[in-house]
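>>> Sequence and predicted model, in that order:
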Protein chains: 2
Amino acid sequence: MTETAVGSKSEQAYAAVKARIVEGTYTPGYRLVLAKIAEDLGVSVVPVREAIRRLEAEGLVKFERNVGATVSGIDPTEYLYTMQTLSIIEGAATALSAPLIGAVDIARARAVNAEMRDCLEHFDPVRFTALNQDFHSVLFEHCPNPHILDLVHRGWNRLASIRASTFRFVPGRAQESVKEHEALLQLIESNADADTIEQAARRHRSATLDAYLAQSNAGSVSAH
Amino acid sequence: MTETAVGSKSEQAYAAVKARIVEGTYTPGYRLVLAKIAEDLGVSVVPVREAIRRLEAEGLVKFERNVGATVSGIDPTEYLYTMQTLSIIEGAATALSAPLIGAVDIARARAVNAEMRDCLEHFDPVRFTALNQDFHSVLFEHCPNPHILDLVHRGWNRLASIRASTFRFVPGRAQESVKEHEALLQLIESNADADTIEQAARRHRSATLDAYLAQSNAGSVSAH
DNA sequence: GAGTACGAAATCGTATACGATAACTATGAC
DNA sequence: GTCATAGTTATCGTATACGATTTCGTACTC
């Protein structure tokens, strides 16, 4: 979105590797060799190492001493942890943001949601995922607590390494998601109390997790 | 508590600097010069730099490009953000842990809480703070979601750099805190539903924040 | 006397180099 | 044919070195 100025080379390496993970160039399990990345980016290994460690702290890569780094995988347990945490954080973030969301924001979110509906008809999971992020960004961008906002972003980055996870794991869930978006907007519009909004936002996320778990127990995922 | 094996020098530096911050050897605003720390620890600057960056990610130090690192300060705004986030995370962590807390844990927590009461009478804020951490550790140690547990710990570390903040900022709050601990234990014992426990735990933290804010508005803090 | 410009010192940022560790491969014994 | 073992290779971990940037002090000007 915003074109960050190329600060240090470490920053540059961080952004580059992160982008490759989020975009899917580096898929889960991909082996990140410091020297190789350094050469690709035209920098030395030191800033690359720093970037990798930073990505490790965010959970995007796994780092093993004297062995190396790999892009974090789609471990179902890890997915559960991330989704559960995200449902809590997003619930709070939405509740805190709600009073600061204006009519203009609502309209914008609604437009995005309409596009998401279109994506369902034309079956465009990639764009759907991107729009979903836009939708929630509108809700969160006014969040008065930057720590919470940061946690939301971290969770999203982690999920991004599992691209279009909703579509991949739980077909049919997306339709419900779009409906819940509208319900959320109406709650915010009507100045519902914070608890109500928090619960709704939280359930919006955990419903996806529940759907995944249900499918998982049915056996169609364990075959992975 | 647990004696972690001295892994890499980077790890070593991280633990050492972190300890100095949490203990209060390095007070907020303290200037962290890489070369100096490196010499103190008998390692080179590279692992020290890595340790500092890691501490920065956790919010314990502030790092400015080409300038250096300083221990993060007691900015009231930052305090608010941290406490608010922690109230949300702790609420969830307690609710998730509750079903896994046994009678032995409850007894242990109760013993700690009794000691805390003693600390109030003998006015021992340092020990009180340490015991407070123990109390909540008992509640959290069974938390089934490691991500959430990690976030709790990060929040606590951040607060630790503001030592005995409760006592310092809001005298009288500690007495209430001890009572709330007992109430929490009774809720858990009686297998109260998750929402009730979550709300109680959340309020336990936010009450401290509210008390601080009330005092702050009264003007006795703005003189800082 | 105040403000500005220049220069020196301190500190960070990164490259390069080398030692340490783990993964891999090939060889030999059973 | 399989397993154990030694040697080789790949990669990480850290030290050292140097260039880049900022900060501080000093001298000069108005």
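Structure received.
>>> C-alpha from now on. contacts and neighbour counts both.
Fine.
>>> Look up how far A:A183 lies from the most centrally placed residue in chain A.
Closest to where the C-alpha atoms of chain A average out (Cα atoms, centre = their mean) is A:W156, at 1.9 Å. Distance of A:W156 to A:A183, computed by Cα to Cα, to the nearest Å: 22 Å.
>>> Near DNA strand C, which residues of chain A are found?
Contact residues, chain A versus DNA strand C (Cα under 7 Å from any atom of the strand): A:8-11, A:42-47, A:65-67.
>>> Out of these, which end up buried?
Neighbour counting over these (16 or more other Cα atoms under 10 Å in any protein chain shown) leaves A:K9, A:S10, A:E11, A:V43, A:S44, A:V45, A:V46, A:P47 as the buried ones.
>>> For the fifth one, list the residues it contacts.
Just to be clear, that refers to A:S44. Counting by Cα atoms under 8 Å, 6 or more residues apart in numbering or on different chains, A:S44 makes contact with A:A35, A:A38.
>>> could you pull out the helices for chain A?
Taking DSSP state H as the test, the helices found in chain A are A:9-23, A:34-41, A:45-57, A:76-97, A:103-121, A:125-140, A:146-160, A:165-169, A:173-189, A:194-218.
>>> Need the residues that contact the third one.
Think helix A:45-57. Residues contacting helix A:45-57 (Cα under 8 Å, 6+ apart): A:9-11, A:13-14, A:17-18, A:34-35, A:37-38, A:61-63, A:69, B:50, B:54, B:57.
>>> Quick one: work out the angle between that helix and helix A:146-160.
Taking axes from the mean of the first three to the mean of the last three Cα atoms, to 10 degrees, one finds helix A:45-57 and helix A:146-160 inclined to each other by 100 degrees.
>>> any low-confidence regions in chain A?
A:1-6, A:74, A:163-169, A:218-224 (pLDDT under 70).
>>> got the residues of it near DNA strand D?
Near DNA strand D, when you scan chain A using Cα under 7 Å from any atom of the strand, you find A:L32, A:V33, A:L34, A:A35, A:V46, A:E64, A:R65, A:N66, A:V67, A:G68, A:A69.
>>> And A:S97, how far from B:P76?
Using Cα to Cα, A:S97 is found at 21 Å from B:P76.
>>> Would you mind saying which of the helices of chain A lies nearest B:L86?
helix A:146-160 (9.7 Å; Cα to Cα).
>>> re earlier: can you pull the contacts of the residue nearest to the centre of chain A?
If a contact means Cα under 8 Å, 6+ apart, then A:W156 has no contacts.
>>> got it, and A:A109?
So A:A109 contacts A:D134, A:F135, A:H136, A:V138, A:L139 (Cα under 8 Å, 6+ apart).
>>> now it: how far from B:A103?
Counting by Cα to Cα, the gap from A:A109 to B:A103 is 49 Å.
>>> cool, A:A174 as well?
Taken as Cα to Cα, the span from A:A174 to B:A103 is 43 Å.
>>> Between the two, tell me which one has more neighbours.
Neighbour count, other Cα atoms under 10 Å in any protein chain shown: between A:A174 and B:A103, A:A174 has more, with 20 against 11.
>>> Tell me how far the more buried one lies from A:Y212.
The gap separating A:A174 from A:Y212 is 12 Å, by Cα to Cα.
>>> do A:A16 as well
A:A16 is 31 Å from A:Y212, by Cα to Cα.
>>> interface residues of chain A facing chain B?
A:50, A:54, A:57, A:81-82, A:85, A:88-89, A:92, A:145-148 (Cα under 8 Å from any Cα of the partner chain).
>>> care to break chain A down by domain?
A:9-71, A:76-218 (automatic domain parsing).
>>> Turn these into a markdown table, columns for distance to B:S206.
Below are those laid out as a markdown table (distance: least, Cα to Cα, whole Å):
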| stretch | distance to B:S206 |
| --- | --- |
| domain A:9-71 | 27 |
| domain A:76-218 | 14 |
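>>> Compare those and report which one is nearest to B:I162.
Among the domains of chain A, domain A:76-218 sits nearest to B:I162 (Cα to Cα), with 17.5 Å.
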